[in-house]
Structures are given as structure tokens and as C-alpha cells.
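Undergrad: Only the shape, not the letters, is given here:
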Ligand SMILES: CC(C)(COP(=O)(O)OP(=O)(O)OC[C@H]1O[C@@H](n2cnc3c(N)ncnc32)[C@H](O)[C@@H]1OP(=O)(O)O)[C@@H](O)C(=O)NCCC(=O)NCCS
């Protein structure tokens, strides 16, 4: 099993009896975890994306990608597990250190749950866990963007309180078609803990 920085967060909604649903930050990746992550990512890319990839890049490219990702200090990888097997992930991306003006805001990127594990509440848990981590790191705003075609993700984000503030008319090219992109933000309500960066209480547009 992997070493993890944070204890796994058990599913709290109880809507999937028979399955153990957890989300954790992955700081070291075992071979088993890497295998499951690559399988899940490949299936996720085929069934709806969640990455820049439109077609699965192959096992070697994905392995190199995840091994490299573990070394990037600005990125934290969160994984969702069903019955202990990784079935999805999301990345919390911190702003560049020279970006003082936006030091209060982080991004959530590359969110996906493999098709075989969708609809059990893991996507919801994953985003909530990333939000908690962002809050604990002192961030007050989470930003994300999504293709207009990713309807489940749009529903999930909007149900969690993300506010759409913009539309990019030429956001991505998918199978020869240009698709729009939706841009969202969420102001993270302080949990009364370690918020350190000053941030607007209202969007500063
Ligand atoms: C978006 C995505 C991550 C959602 O993952 P998920 O694990 O299926 O999400 P959830 O299970 O938390 O919620 C999905 C739906 O299942 C429902 N659900 C949750 N638990 C359930 C259960 N036990 N039984 C039935 N339905 C359930 C939720 O209510 C939700 O329904 P709603 O949208 O009508 O409210 C997934 O669809 C995905 O990977 N899509 C492709 C990639 C993508 O678009 N990524 C975003 C890029 S920014």
C-alpha cells in the first residue's frame, strides 16, 4: 500500500452499501497503485476525459506522467479508491510562487472517476477532499475549468457551489470539433482554522 500524508476519508454519505469509498492524498505511489491509476485514467480518458488527453496515450506515457507528477512541488495528487483500489484522481495546483496577487487562489484540475466506479459519490468526495486540503493550506478560492461537453462534471461542480463566471468559445479541440470551456470559481468558506492569506470575501472582478 502507499504511504499517505493524510488519513483516508471514509465515505460519509452511506449511499454505496457494500463498497468502501475513500479519498486520500497520494505522496508515494506503489506499483499496484500506479497500475490501478493508469487503468483508471485510460478508462476515464476513453469515457469522457478529465485530462488534456483525448485518446489514451498508452501505459508508458501515463506511468511517466504520474511518476513525474509526484515530483512537482506545486501539485498535490488526490486519489479516490473503491474497495482500496484507485479508481480516480484530482490534482490541487498551487499558484506559482511569484504570483503574489493570486497567492490566495488554487486550481483543481484533471478530475476523473473511472466509468466503472461512477455514480457512487466518489466524485463528490474527491472534490470535497480537495477543498478541505486547499482550505488547510490557507487558500480562499478554488478555480477550475471544464469542457462544455462534460455534463456530469458540470452538474457535480454546480451542486457543490461552483459559480460559472465565463465561457471560452474555443477552449479545446476534441475529435475534430471545437468545444467551449466553462470557467468556475468557488470562495472557500473558512473552517475556522489555518487560513493565512488575505482574500476577498466577494469575487474581485
Ligand atoms: C464528473 C465525474 C468525476 C463524477 O464522478 P462520480 O463519482 O460519478 O460522481 P458522484 O457519484 O459523486 O456524483 C455523480 C452522480 O451520482 C449520484 N450518486 C452519488 N452516489 C450515488 C449512489 N450510491 N448511487 C447512485 N447515484 C449516486 C450523485 O447524486 C450524482 O448525481 P447527480 O449528478 O444527478 O446529482 C465523472 O463523471 C467523470 O470522471 N467524468 C469524466 C471526466 C470529467 O468530466 N472530468 C472533469 C474534468 S474538469
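TA: Received it, and whenever you're ready, just let me know what you need. In this text, all values refer to a predicted model and were calculated from it rather than measured experimentally.

Undergrad: C-alpha only now, for contacts and for neighbours.
TA: Noted.

Undergrad: And the helices in the chain?
TA: 31-46, 59-69, 122-136, 151-159 (DSSP state H).

Undergrad: Save those helices as TSV, and put in mean pLDDT and mean neighbour count too.
TA: Output for the helices of the chain, formatted as TSV (pLDDT from 0 to 100; neighbours: other Cα atoms under 10 Å):
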stretch	mean pLDDT	mean neighbour count
helix 31-46	96	20
helix 59-69	95	13
helix 122-136	97	21
helix 151-159	97	15
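
Undergrad: And residue 99, how close does it get to the ligand?
TA: Distance of residue 99 to the ligand, computed by Cα to the nearest ligand atom, to the nearest Å: 23 Å.

Undergrad: interface residues of the protein facing the ligand?
TA: Listed as neighbours of the ligand in the chain under the rule Cα under 6 Å from any ligand atom: 15-16, 48-50, 110-114, 118-124, 145-146, 150, 152-153, 155-156.

Undergrad: Now with 5 Å, please.
TA: Residues of the chain lying close to the ligand (Cα under 5 Å from any ligand atom) are 15-16, 48-50, 111-113, 118-124, 146, 150, 152-153.

Undergrad: Is there a neighbour count for the closest residue to residue 181 other than its chain neighbours? I'd like the number.
TA: Spatially, and ignoring its direct neighbours in sequence, residue 181 is nearest to residue 147 (4.5 Å; Cα to Cα, 6 or more residues apart in numbering). If you count neighbours by other Cα atoms under 10 Å, residue 147 ends up with 22.

Undergrad: shaky segments in this structure?
TA: Residue ranges of the chain with pLDDT under 70: 1-15, 192-205.

Undergrad: hey, where'd the strands end up in it?
TA: For the chain, applying DSSP state E gives strands covering 9-10, 21-26, 75-82, 85-93, 105-113, 141-147, 163-174, 177-187.

Undergrad: got JSON lines for these, with distance to residue 40 too?
TA: Shown next, in JSON lines, are the strands of the chain (distance: least, Cα to Cα, whole Å):
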{"stretch": "strand 9-10", "distance to residue 40": "20"}
{"stretch": "strand 21-26", "distance to residue 40": "15"}
{"stretch": "strand 75-82", "distance to residue 40": "10"}
{"stretch": "strand 85-93", "distance to residue 40": "5"}
{"stretch": "strand 105-113", "distance to residue 40": "7"}
{"stretch": "strand 141-147", "distance to residue 40": "19"}
{"stretch": "strand 163-174", "distance to residue 40": "20"}
{"stretch": "strand 177-187", "distance to residue 40": "24"}
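
Undergrad: From residue 127, how far out is the residue nearest the centre of the chain?
TA: Nearest to the mean C-alpha position of the chain, counting by Cα atoms, centre = their mean, stands residue 90 at 2.5 Å. Counting by Cα to Cα, to the nearest Å, the gap from residue 90 to residue 127 is 8 Å.

Undergrad: Could you do residue 109 as well?
TA: Separation of residue 109 from residue 127 (Cα to Cα): 10 Å.

Undergrad: so what's in contact with the two at the same time?
TA: residue 90 (Cα atoms under 8 Å, 6 or more residues apart in numbering).

Undergrad: how many neighbours does the nearest residue to residue 67 once chain neighbours are set aside have?
TA: The shortest distance from residue 67 to any non-neighbouring residue, by Cα to Cα, 6+ apart, is to residue 29 (7.9 Å). Per other Cα under 10 Å, the neighbour tally for residue 29 reads 17.
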